[in-house]
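S.K.: using only what follows, build the 3D model:
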Amino acid sequence: MLIETLPKTFEELVRISGLSHGTDVWTNNAQELVKSGTTTLSEAICTRDDIMTYLIEKGLPAQNSFKIMESVRKGKGLKEDQEALMRENNVPDWYIDSCKKIKYMFPKAHAVAYVTMAFRIAWFKVHMPLAYYAAFFSIRADEFDSEIMIGGKSKVREKMAEIKRLGNEAAKKDENMYPILEIVLEMYERGFNFLPIDLYKSDAIKFKIEDNAIRPPLNSIAGMGQIAALGIQEAREKGEFISKQDIKKRAKVGDATIALLEKFGCVEGMSETNQMSLFDSLF
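M.R.: Residues are numbered from 1 along each chain as shown. Okay, the predicted model is just below:
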């Protein structure tokens with residue numbers, strides 16, 4: 001829709017939001033009218049309010065314009081007397097036909113709210129990219145797999161190719177992961193990177209901006225639940241861990257969680273138990 005309409009103003013983005021949220025407003029309707037040159041994006045019916053304001057401008061009484069808008073936006077089309085009144089006021093045939101095809105329309109106020117929110121997000125993506133990516137990944141942390149995503153561009157591309165190759169046979173988890181992979185790849189292409197997951201520096205559930213890079217949280221490790229991640233964070237605030245056994249005891253996590261931390265090098269060099277051997281004291 002964006003490619004076909006090439007919006008250049010905020011108002012045109014609002015119109016596109018209306019088109020995309022309606023039923024039979026764009027497809028088999030405005031899309032064909034814009035393609036054929038019959039009308040432009042700024043003149044097409046996009047939101048409910050467009051109908052009433054357009055008809056008032058054409059000379060129809062406000063009450064009639066409102067009733068026509070209400071009928072069209074509910075998918076009820078036009079009554080004979082409504083269509084006749086529109087023709088009397090030189091409303092073009094393409095506009096009348098377009099009204100008849102519509103099944104549901106979006107209110108303009110909703111479209112403005114959506115686009116305003118999207119515009120703010122887009123501003124951060126362009127001007128404060130690390131803040132954008134950190135927030136985006138934190139929201140989607142459940143679908144973020146650090147083993148793949150912090151491994152660099154090649155690893156991300158490989159996973160994307162694998163999901164594409166599987167097509168309809170791809171697991172639901174992989175389907176949900178694909179758009180996240182796209183954003184991760186975009187981040188890499190813009191010159192930003194991830195820092196390693198760290199037992200003490202990584203937040204439990206939020207991606208953090210650090211040294212012009214992003215530090216993934218503990219729960220971005222596939223298989224690491226939020227409760228386990230929060231347990232580790234709470235325990236470490238009371239002091240450093242002296243062993244893997246200490247982590248399990250204080251954070252109330254099991255062997256599976258320790259295995260995940262080992263996989264990411266988070267407990268490298270840490271002893272298995274709280275017991276200190278004679279050799280430890282000597283060296």
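S.K.: wait, Q226 touches A204, no?
M.R.: Yes - counting by CB atoms under 8 Å, Q226 touches A204, with 7.3 Å between them. Yep, even glycine has a C-beta here, placed from its N, CA and C like the rest.
S.K.: who has more neighbours, these two?
M.R.: A204 (19 against 14; other CB atoms under 10 Å).
S.K.: can you check the pLDDT for the residue most central in space within the chain?
M.R.: Central residue of the chain (CA atoms, centre = their mean): F136, 7.3 Å from the mean position. Looking at F136, its pLDDT is 94.
S.K.: which residues touch it?
M.R.: I183 (CB atoms under 8 Å, 6 or more residues apart in numbering).
S.K.: distance check, it against L130.
M.R.: Per CB to CB, to the nearest Å, F136 is found 11 Å from L130.
S.K.: could you do E80 as well?
M.R.: In terms of CB to CB, E80 sits 60 Å off from L130.
S.K.: repeat for M149
M.R.: M149 is 16 Å from L130, by CB to CB.
S.K.: so which of those two has more stuff around it?
M.R.: M149 (23 against 18).
S.K.: the residue lying closest to that one once chain neighbours are set aside: neighbouring residues, count only.
M.R.: Nearest residue to M149, sequence neighbours excluded (CB to CB, 6 or more residues apart in numbering): V184, at 4.8 Å. Residues near V184, counting by other CB under 10 Å, number 28.
S.K.: host element of V184?
M.R.: helix 172-189 (DSSP states H and E).
S.K.: V34 now?
M.R.: Going by DSSP H and E, V34 is in helix 31-36.
S.K.: before we move on, what about V156?
M.R.: Counting by DSSP H and E, V156 is found in helix 153-166.
S.K.: my guess is the residue nearest to M149 contacts V156. True?
M.R.: Yes - contact criterion CB under 8 Å: V184 and V156 qualify, at 5.4 Å.
S.K.: so for the two, which residues contact both of them?
M.R.: M149.
S.K.: any weak-confidence spans in the stretch 151-283 of the chain?
M.R.: Within the stretch 151-283 of the chain, the segments meeting pLDDT under 70 span 276-283.
S.K.: give me that answer again for 80
M.R.: Within the stretch 151-283 of the chain, the stretches with pLDDT under 80 are 274-283.
S.K.: can you map out the helices along it?
M.R.: Here the stretch 151-283 of the chain has its helices, by DSSP state H, counting those that start in this stretch, at 153-166, 172-189, 226-236, 244-251, 255-263, 278-282.
S.K.: now render those helices as a markdown table, adding distance to D49.
M.R.: Shown next, in a markdown table, are these (distance: least, CB to CB, whole Å):
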| stretch | distance to D49 |
| --- | --- |
| helix 153-166 | 41 |
| helix 172-189 | 32 |
| helix 226-236 | 43 |
| helix 244-251 | 55 |
| helix 255-263 | 53 |
| helix 278-282 | 75 |
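S.K.: ok, which of the ones you listed comes nearest C46?
M.R.: Closest of these to C46 is helix 172-189, at 26.2 Å (criterion: CB to CB).
S.K.: who touches the residue nearest to K208 when sequence neighbours are not counted in this structure?
M.R.: Leaving aside its chain neighbours, K208 sits nearest to R215 (4.5 Å; criterion: CB to CB, 6+ apart). When contacts are counted by CB under 8 Å, 6+ apart, R215 touches 194-195, 197-198, 201-203, 207-209.
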